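Participant: predicted model follows, preceded by the sequence.
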Amino acid sequence: MKKNLQVIKYRYFSSAFSLILLIAGIICFVAFGGFNAGIDFESGLSERVQIAPVGFTATYTGDLDMVLSVSSNTLVLTERGADGVKTHTYDVAQYSTVQDVVNALNQVTGVKASAVDGTLKTDALVSGFGFPATLSTTPVKVNFASASTDVTIDQVRAALKERNVNVQTVGSVNQGIFQLKASTLENDTQEIMEADVAASLSKVFGAENVVVLQSDFVGPRFSSTLITSSVKAILIAVLLILAYIWIRFRFAYAISAIIALLHDILMMLVFITIFRLEVSSTTIAAVLTIIGYSLNNTIVIFDRVRENVELLKGQSLDTVIDTSVTQSLTRTIITSLTTLFAVVPLAIFTNGSIQLFALNLIWGIVIGTFSSNFLAPALLHWFNKVKPVNVEKLKKHSANDIA
């Protein structure tokens with residue numbers, strides 16, 4: 001006979017674990033001055049910039065429509081005219097340095113390319129705002145990342161100190177990529193903020209070396225609406241769950257499940273606070289996903305408890321709970337692992353909001369599994385101490401469900 005997992009016996013350890021994490025989260029919250037609010041919830045400008053030197057410039061003096069674009073770290077020159085479309089591709093394998101690309105571009109009639117630093121490698125091509133670019137007599141600059149640029153996060157912070165911009169390094173240090181987040185001031189617009197940031201960086205690093213990779217702006221009104229809508233979504237979800245479980249399992253079960261769900265939400269916020277992850281609409285999506293995931297596992301265990309009340313006649317509710325969790329353990333492990341197998345690659349091989357969602361989900365799966373198997377059953381034990389479960393009524397309720 002399989003030995004039962006002693007969920008109730010070790011309930012104080014599981015409660016202490018949650019309490020320690022919660023205290024750690026509160027300490028970090030106070031020390032860090034709150035959450036690392038994303039641009040969704042804190043109105044302002046979010047930009048990703050890269051400090052990269054100019055590799056070459058290109059002009060065009062002909063009559064055709066000549067467009068220079070970047071595709072998968074490869075330069076593509078497209079000619080459009082009365083005779084149709086002609087494409088020139090300059091990939092890393094064939095053209096390893098900037099000088100190689102410049103020599104090839106100069107073979108196209110009307111195109112004049114000039115190397116600024118011909119030694120730069122083409123596999124470090126930077127594609128920011130401005131591409132695809134239509135070539136004309138005005139030079140179009142093409143930037144390439146260089147380890148020799150050696151731009152530090154402190155230099156970027158110093159350049160933007162007048163606007164009190166939050167700066168974070170993205171990727172490896174020698175790539176020179178930084179995430180900037182600036183709150184709106186009075187009468188600020190997207191155009192004003194973008195111009196201020198660009199001017200500040202240009203003073204220190206040179207306008208030609210600053211490449212904007214991504215730029216987002218959220219106004220105060222939209223930010224406020226999004227916060228309100230997100231809170232409403234979570235509250236409605238929790239209330240509907242409370243009603244469903246109350247009808248299906250009786251009040252003690254419903255309260256145990258809801259407290260466990262609130263625990264999961266708090267633990268996700270603790271994780272986000274400790275590791276300074278950005279709180280955005282992606283976080284809300286992860287929270288709602290984990291609510292559903294954790295609830296599903298809790299319902300499976302509570303269903304097994306209800307069935308075992310009749311099957312294990314004469315046994316205490318604590319023994320029934322331990323048996324039910326043990327019987328559901330294999331299913332829980334398999335479900336959790338298969339979900340993690342799908343999510344972990346997203347956390348490793350992606351970036352941005354998808355990676356953030358995956359990281360939140362990984363922690364949510366771990367803490368949701370913990371709460372379903374340890375915290376929710378322990379809560380049911382405590383509520384039974386306050387108001388003992390009416391076993392006969394529970395049997396009758398179970399029989400009605402089967403019928």
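Facilitator: On my side now, so go ahead.

Participant: can you give me the pLDDT of the closest residue to Met267 other than its chain neighbours?
Facilitator: Excluding the flanking residues, the one nearest Met267 by C-beta to C-beta, 6 or more residues apart in numbering is Ile367, at 4.4 Å. C-betas here are computed from N, CA, C, even on glycine. Listed pLDDT for Ile367 reads 94.

Participant: burial of Gln315, as a residue count?
Facilitator: If you count neighbours by other C-beta atoms under 10 Å, Gln315 ends up with 14.

Participant: how about it, what does it touch?
Facilitator: Counting by C-beta atoms under 8 Å, 6 or more residues apart in numbering, Gln315 makes contact with Thr323.

Participant: where does it land in three-state SS?
Facilitator: Following DSSP: H, G, I helix; E, B strand; the rest coil, Gln315 is assigned to coil.

Participant: go on, the one 5 residues further on?
Facilitator: When the structure is reduced to helix, strand and coil (three-state DSSP), Val320 reads as helix.

Participant: thought it was touching Asn308?
Facilitator: Yes. Using C-beta atoms under 8 Å, Val320 makes contact with Asn308 at a distance of 4.8 Å.

Participant: quick one on the thing from earlier: which SSE is the residue nearest to Met267 in?
Facilitator: Assigned by DSSP states H and E, Ile367 belongs to helix 352-370.

Participant: buried ones in that helix?
Facilitator: Buried residues in helix 352-370, counted by 16 or more other C-beta atoms under 10 Å: 353, 355-365, 367-370.

Participant: which of those residues scores worst on pLDDT?
Facilitator: pLDDT across the buried residues of helix 352-370 is lowest for Ser353, at 81.

Participant: right, and it touches Ser280 too?
Facilitator: Yes. Between Ser353 and Ser280 a contact is recorded at 6.9 Å, counting by C-beta under 8 Å.

Participant: where does this protein have low pLDDT?
Facilitator: Low-confidence segments of the chain, defined by pLDDT under 70: 1-2, 39-40, 147-149, 172-174, 186, 219-224, 249, 386-403.

Participant: now the helices for it?
Facilitator: 11-32, 98-105, 153-159, 190-205, 220-249, 251-274, 281-311, 317-349, 352-370, 376-386, 391-402 (DSSP state H).

Participant: now those as a markdown table including distance to Thr87?
Facilitator: Below are the helices of the chain laid out as a markdown table (distance: least, C-beta to C-beta, whole Å):
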| stretch | distance to Thr87 |
| --- | --- |
| helix 11-32 | 50 |
| helix 98-105 | 13 |
| helix 153-159 | 37 |
| helix 190-205 | 32 |
| helix 220-249 | 41 |
| helix 251-274 | 46 |
| helix 281-311 | 37 |
| helix 317-349 | 30 |
| helix 352-370 | 30 |
| helix 376-386 | 61 |
| helix 391-402 | 66 |
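
Participant: before we move on, the earlier item: looking at the buried residues of helix 352-370, which is nearest Ile274?
Facilitator: Closest approach between these and Ile274, by C-beta to C-beta: Trp363, at 10.2 Å.

Participant: for the residue nearest to Met267, give me its contacts.
Facilitator: Shown in contact with Ile367 (C-beta under 8 Å, 6+ apart): His263, Asp264, Met267, Met268, Phe271, Ile290.

Participant: apply 10 Å and report the result again.
Facilitator: Residues in contact with Ile367 (C-beta atoms under 10 Å, 6 or more residues apart in numbering) are 18, 21, 263-268, 270-271, 290, 294, 375.

Participant: now, which of these sits nearest Val212?
Facilitator: So of these, ranked by how close each gets to Val212 (C-beta to C-beta), first place is Phe271, at 31.2 Å.

Participant: nearest residue to that closest one in space, please, no chain neighbours.
Facilitator: Excluding its sequence neighbours, the residue lying closest to Phe271 (C-beta to C-beta, 6+ apart) is Trp363, at 4.6 Å.

Participant: from memory the one you found sits against Met268, does it?
Facilitator: Yes. Here Trp363 reaches Met268: they are 6.4 Å apart, a contact under C-beta atoms under 10 Å.

Participant: which residues are in contact with both of those two?
Facilitator: Leu277, Ala286, Ile290.

Participant: dump those to TSV, plus distance to Val325 and neighbour count.
Facilitator: Converted to TSV, the shared contacts of Trp363 and Met268 look like this (distance: C-beta to C-beta, whole Å; neighbours: other C-beta atoms under 10 Å):
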residue	distance to Val325	neighbour count
Leu277	31	21
Ala286	26	23
Ile290	20	23
